[in-house]
Structure formats: structure tokens, C-alpha cells
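show me how the following folds:
(one chain, ligands or ions: 1)
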Amino acid sequence: MSKYKSQEEAEAAGVYVRKVQSFVKREGRLTKGQALAIETNWDNFGLDFQPEPYNLEEVFGRSAPVVLEIGFGMGKSLVEMAAAEPDKNFIGIEVHTPGVGACLADIVEQGLNNVRLFEYDAVEILKQSIADESLARVQLYFPDPWHKKRHHKRRIVQPEFAQLIRSKLAKDGVFHMATDWENYAQHMLEVMSVQEGFENTSETEDYVPRPDFRPLTKFEQRGHRLGHGVWDLIFRKVN
Ligand SMILES: C[S@@+](CC[C@H](N)C(=O)[O-])C[C@H]1O[C@@H](n2cnc3c(N)ncnc32)[C@H](O)[C@@H]1O
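Below is the predicted model of the structure:
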């Protein structure tokens, strides 16, 4: 079974072809602590890209609802949520290496065993490494907003992406998005409201109050300080 630890490796091997992406890979500084966290803990908590779905019961050594977070940043909210919901299994996907290192260090510090991480493009992981109808919840918190109109095509929330999420959610599973950029919130609402197979859980057919299970993130706190709003959207898979 061929496996690729990073997108660069897969690209070099010719299995990954670059297309319009929701991120630009920033090199960023990897601290010694983050590098060490990856070196020491990847074998236990890291999952490599593979072109066929993982058996998640085997991965976690138990059967439990699986929550998948796309673009977890430094992983603060992912780790907090995994600690608060030990009865669930969590998968985080992030392309930013320092974030992966920071998150691994926190996982180990908190002694969590219900989190696994991918360092890869979430779209490819969902398409190839995650089985259909295997997820209870998908979370996308503060995705890169791509402010400029000419960059809107890079926004990860698009009709095709929504249908990819739908195919991976189990029935009644939910797709939870949050953003502090109003124009992106409107875009999410426009895309999601017309998607077959989803219903909006909002009583007002738009946004929902922040659910208790989502901790305040660094980005959100900054948004609050700047007087910005935050919009949560939760859509349930109905078929
Ligand atoms: C604005 S940050 C938000 C981080 C975090 N969710 C938070 O709220 O603090 C967006 C993150 O998504 C990651 N990202 C964007 N597109 C991605 C993709 N296709 N696969 C994996 N990660 C992605 C970026 O690297 C970045 O760290």
C-alpha cells in the first residue's frame, strides 16, 4: 500500500496534481518543540495520505462516532473538543506543519488517545482516505476567507465540496461551519441552502448561535476585539 506523509512527497511521486486550492502553503517557522513533537509522535497519532479509505475502527481501536475537522490551525479547539468529548473519535486535517506540531504536542500533553492528524490537503483526504458515510460531524472553523473577489474561487465551500462532505457524512450527520467574515457567511449560506441532501438546522433558515461544543478560537477572540460578528452554520444530512 503506497502512503505519502506529505503532499510534497505525493507530488514528487506524481500522485498529486495541483489544482485550485483553498490554501497557499506557507513555510512558517517550525519550532524545535514542534519538530520534536512530530518526530516523536507521528507514528502514534499521524495518519498518512493513502489512496484507499482507512478502517477507522482499526485506527482508533474502537467503534465511536467520528468528528473530522478541516484546517485546525494550531489545533487548540480540536484538542479542547477531543478532551471534552472522550466518547468520540477526532480526525484533524491541516497543511500547515507548525500547526500539526503544536497540535501533536498538546495531544500528548493532555494524554488524549482519541485524536489522529493528517498533514495534507483535506479535499484529497476526504476523497480518497475517508470512507463514505463514516463521519458523524465535519467541522470547518474560520476557513481562509479569500477576501478579494478574484480569489473567491479558492474558498473551500463550493457546491462540489458540499457534496463531497455529504458523501462522507453518515445519515443525520452534521456539517458545522463558522466564520467571522460576513461575506463568506453569506456565501456559505447561499451554497449550502441549495444543496441536495442537506437541511439547515437554523430555525430562521440562516445562522445558529454558537453551540456549546465549539470553543472560542484565537481567530474569533480577535474578531470580537475588533467588534466583528461570528456566524455559525449547521446543516444536517437528510439523505
Ligand atoms: C484562517 S485559518 C483557521 C485555523 C483554525 N480553524 C482556527 O479557527 O484558528 C485556516 C486554516 O485552514 C488551513 N487549510 C486551508 N485549506 C486547507 C485544506 N484544503 N486542507 C487542510 N487545511 C487547509 C490553513 O492552512 C489554515 O491553517
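
show me the beta-bridge partners of the residue nearest the centre of the chain.
When Cα atoms, centre = their mean is applied to the chain, the residue found nearest the centroid is I70 (1.0 Å). Counting by DSSP bridges, I70 forms beta bridges with I93, L140.

OK, contacts around it?
I70 sits next to I93, A122, V138, Q139, L140, P143, I156 when contact means Cβ atoms under 8 Å, 6 or more residues apart in numbering. All C-beta atoms are positioned from the backbone trio N, CA, C, and that covers glycine.

hmm, try it at 10 Å
Contacts for I70 (Cβ atoms under 10 Å, 6 or more residues apart in numbering) come out as 22, 91-94, 118, 121-123, 125-126, 138-141, 143, 156, 161, 165, 177.

just checking, what packs against the lengthiest strand in the chain?
The single longest strand within the chain, with elements called by DSSP state E, is strand 169-179. On a contact count with 3 or more Cβ pairs under 10 Å, 6 or more residues apart in numbering; DSSP states H and E, strand 169-179 meets strand 66-70, strand 135-141, helix 159-168, helix 182-193, strand 198-200, helix 218-225, strand 231-237.

partner strands of the shortest one, parallel or antiparallel?
When pairing is defined by DSSP bridges, strand 198-200 lines up against strand 231-237 (antiparallel).

and the strand it pairs with, anywhere near the ligand?
No: Strand 231-237 does not reach the ligand (Cβ under 6 Å from any ligand atom); its nearest approach is 12.4 Å.

quick one: buried residues of that strand?
Neighbour-count burial for strand 231-237 flags W231, D232, L233, I234, F235, K237 (criterion: 16 or more other Cβ atoms under 10 Å).

ok, so of these, who is nearest the ligand?
D232 (12.4 Å; Cβ to the nearest ligand atom).

residues in contact with N41?
By Cβ under 10 Å, 6+ apart, N41 lies in contact with G101, C103, L104, A105, I107, V108, L117.

in strands, which of the residues you listed appear?
L117.

show me which residues of this protein sit near the ligand.
22-23, 70-73, 93-96, 99, 121-123, 141-144, 156, 217-219.

quick one: buried ones out of those?
22-23, 70-73, 93-96, 99, 121-123, 141-144, 156, 217, 219.

doesn't R214 make contact with V174?
No: using Cβ atoms under 10 Å, V174 is not in contact with R214, being 11.7 Å away.

low-confidence ranges in this protein?
Across the chain, residues meeting the criterion (pLDDT under 70) sit at 1-2, 17-18, 218-219.

what do you get if the cut-off is 90, keeping everything else the same?
1-22, 24-28, 180, 216-228 (pLDDT under 90).

one step back: which one of the contacts of N41 sits closest to D206?
C103 (31.6 Å; Cβ to Cβ).

which residue packs closest to the closest one, ignoring adjacent ones?
Here the nearest residue to C103 in space, its sequence neighbours aside, is G75; by Cβ to Cβ, 6 or more residues apart in numbering that works out to 2.7 Å.

the longest strand of the chain pairs with which strands, and in what direction?
Here strand 169-179 is paired, per DSSP bridges, with strand 135-141 (parallel), strand 231-237 (antiparallel).

any quick PyMOL command for the buried ones out of the contacts of N41?
The buried residues among those can be selected in PyMOL (16+ other Cβ under 10 Å) with this line:
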select buried, resi 101+103+104+105+107+117
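
mind checking which of the contacts of N41 are in helices?
Counting by DSSP state H, those place G101, C103, L104, A105, I107, V108 in helices.
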